[in-house]
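Engineer: Model the structure of this input:
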Amino acid sequence: MDTLTHALSGALVGRLLAPRLQAASFKTPIRTWQAVAAGAAAAAFPDIDFVLGYVSELTYLRGHRGVTHSLLLLPLWGWLLAWLFARLARRSGGSEGPPWRAFYAIACSGLAIHIAGDLITQFGTMILAPFSDRRFGIGTTFIIDLVFTGIIVAGLAASAFFRHSRVPAALALVALAGWVGVGWMGRGEAIAAAHAHAAAKGIPVVAVDAAPRPASPFNWTAIVFDGERYHYAHINTRRSEPLEAREGDNFIRRFSAPYRPVAMAQWQIKPMFGNGGDGELARAVWNAGDFAFFRWFAMFPVLDHVDSSPQAGSCVSFRDLRFETPGREAMPFRYGLCGKGDGGGWRLFERLTDGGLRWVMPES
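Structural biologist: You can find the predicted model right below:
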């Protein structure tokens, strides 16, 4: 999820918890606005890992959604944030202020709802960091979901109107769970469509998955991997007729139009290592030790481009079908290796939108 949505979800949790904490036996009770602000700050905190980008691009991609998103470290981060919030409350209030214990439940809840908000996306979250770099994600929800954010905003607005009630915040959280459930249902339908296509075409199934797409919980990219090739289609699991986008239509309709009914799906085939004589070179790059980063990062990797130059030698890049969204001209995270085959080793690069190469600092 985007950081703004995370912060809003934390504010909603803070609003839900505020009355109970105010009734606790603290010498100086926490105020509602303090609970809301603390919840928002705690829920935004995990994305502080953006600073890793100042070290290197690979450090960021390796560490993003890592230790700050860890369930194992959540109690520690919650304590540090609660202590900080208590210090800030005393400084701003000019009095003793609420103790850190008054903020601890809010801080931990804000962190937890951030982690939950990332777990429902497909990018994945390293909830077991620093002991494991495995990414977990249930992939029910696109990373930016306007309905999801709108439910939170509605809950906060209703809470502001009904100041003495926790019901609006509680109902909003229930509605969020229900919306994720709708996405889970759409994901199941997309995976079922992929299985049906594989059975109809006699495709040997090694893996089946579905990637969430924008504008609707029923817009998906269904994917079948047969061990060598990816078979995929952009579908809407509830549509019976194609949706036509005309000039002047709103952006939601334009985003949603490329997703066709399952019965009319246009399946594409992408060999993981390409066709023709590039396959051997592509396999060599894929299996190179210098490319371990991308093997860890990618979910649905396919050969992107092969070229060569006297200066760089042969250059092979891969992309991830996870990020192939219809209507999106630029695809992010296209990485590869260049080498001359003279024993000089490989050099890691990112392929830019214009086809150029940007050399990437290797992992230390």
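Engineer: Would you confirm that Leu348 belongs to a strand?
Structural biologist: Yes. Secondary structure assignment (DSSP: H, G, I helix; E, B strand; the rest coil) places Leu348 inside a strand.
Engineer: Distance of it relative to Tyr232?
Structural biologist: Taking CB to CB, to the nearest Å as the criterion, Leu348 is separated from Tyr232 by 27 Å. (Each C-beta comes from the backbone N, C-alpha and C, glycine too.)
Engineer: And Phe318, by the same measure?
Structural biologist: Noted for Phe318: a distance of 16 Å to Tyr232, by CB to CB.
Engineer: Same question for Gly186.
Structural biologist: Computed with CB to CB, the distance linking Gly186 and Tyr232 is 16 Å.
Engineer: same thing with Ile191?
Structural biologist: Distance of Ile191 to Tyr232, given as CB to CB: 12 Å.
Engineer: Can you check which residues contact both of these two?
Structural biologist: Taking CB atoms under 8 Å, 6 or more residues apart in numbering as the contact criterion, the residues that touch both Ile191 and Tyr232 are Ala222.
Engineer: For this protein, name the helix or strand with the lowest mean pLDDT.
Structural biologist: Least confident helix or strand of the chain, by mean pLDDT, DSSP states H and E, is helix 251-256 with a mean of 83.
Engineer: what distance separates the following helix or strand past it from the centre of its chain?
Structural biologist: Taking DSSP states H and E as the definition, the helix or strand that follows helix 251-256 towards the C-terminus is strand 260-261. With CA atoms, centre = their mean, to the nearest Å as the basis, strand 260-261 stands 25 Å off its chain's centre.
Engineer: in stretch 155-173, what counts as buried?
Structural biologist: Residues of stretch 155-173 classed as buried under the neighbour-count rule (16 or more other CB atoms under 10 Å) are 155-156, 158-159, 168-169, 172-173.
Engineer: Make CSV from these and add secondary structure and distance to Ser9 to it.
Structural biologist: Converted to CSV, those look like this (DSSP: H, G, I helix; E, B strand; the rest coil; distance: CB to CB, whole Å):
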residue, secondary structure, distance to Ser9
Gly155, helix, 9
Leu156, helix, 10
Ala158, helix, 15
Ser159, helix, 13
Pro168, helix, 14
Ala169, helix, 11
Ala172, helix, 9
Leu173, helix, 9
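Engineer: Any chance of the residues you listed in a markdown table with pLDDT and distance to Ile120 as columns?
Structural biologist: As requested, the buried residues of stretch 155-173 are arranged in a markdown table below (pLDDT from 0 to 100; distance: CB to CB, whole Å):
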| residue | pLDDT | distance to Ile120 |
| --- | --- | --- |
| Gly155 | 97 | 17 |
| Leu156 | 97 | 20 |
| Ala158 | 96 | 23 |
| Ser159 | 94 | 23 |
| Pro168 | 95 | 22 |
| Ala169 | 96 | 19 |
| Ala172 | 97 | 16 |
| Leu173 | 97 | 14 |
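Engineer: Can you verify my assumption that Pro99 contacts Ala86?
Structural biologist: Yes. Using CB atoms under 8 Å, Pro99 is in contact with Ala86, at 5.9 Å.
Engineer: ranges for the strands of the stretch 151-300 of the chain?
Structural biologist: Shown for the stretch 151-300 of the chain, the strands assigned by DSSP state E, counting those that start in this stretch span residues 207-212, 219-225, 229-236, 260-261, 268-271.
Engineer: picking up where we left off before, the more surrounded of Pro99 and Ala86?
Structural biologist: Between Pro99 and Ala86, counted using other CB atoms under 10 Å, Ala86 has the larger neighbour count: 23 against 17.
Engineer: Tell me which helix or strand that one sits in.
Structural biologist: Ala86 is part of helix 74-93 when elements are defined by DSSP H and E.
Engineer: buried sites along the next helix or strand after that helix?
Structural biologist: Scanning forward in sequence from helix 74-93 by DSSP H and E, the next helix or strand is helix 100-119. Neighbour-count burial for helix 100-119 flags 100, 102-119 (criterion: 16+ other CB under 10 Å).
Engineer: roughly how far out does stretch 296-316 sit from the chain middle?
Structural biologist: Taking CA atoms, centre = their mean, the mean C-alpha location of stretch 296-316 is offset from the chain mean by 24 Å.
Engineer: roughly how far out does stretch 347-356 sit from the chain middle?
Structural biologist: Relative to the mean C-alpha coordinate of its chain, stretch 347-356 is positioned 23 Å out (CA atoms, centre = their mean).
Engineer: May I have that stretch as CSV, with CA atoms only?
Structural biologist: The C-alpha trace of stretch 347-356 is given here as CSV (Å, rounded to 0.1, in the frame of the first residue of the first chain):
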residue,chain,number,x,y,z
ARG,A,347,28.3,-6.2,-14.8
LEU,A,348,24.8,-5.6,-13.4
PHE,A,349,22.6,-3.0,-15.0
GLU,A,350,19.1,-1.6,-15.1
ARG,A,351,17.5,-1.2,-18.5
LEU,A,352,15.9,2.3,-18.8
THR,A,353,12.7,3.2,-20.6
ASP,A,354,14.6,4.5,-23.6
GLY,A,355,16.5,1.3,-23.9
GLY,A,356,19.7,2.7,-22.4
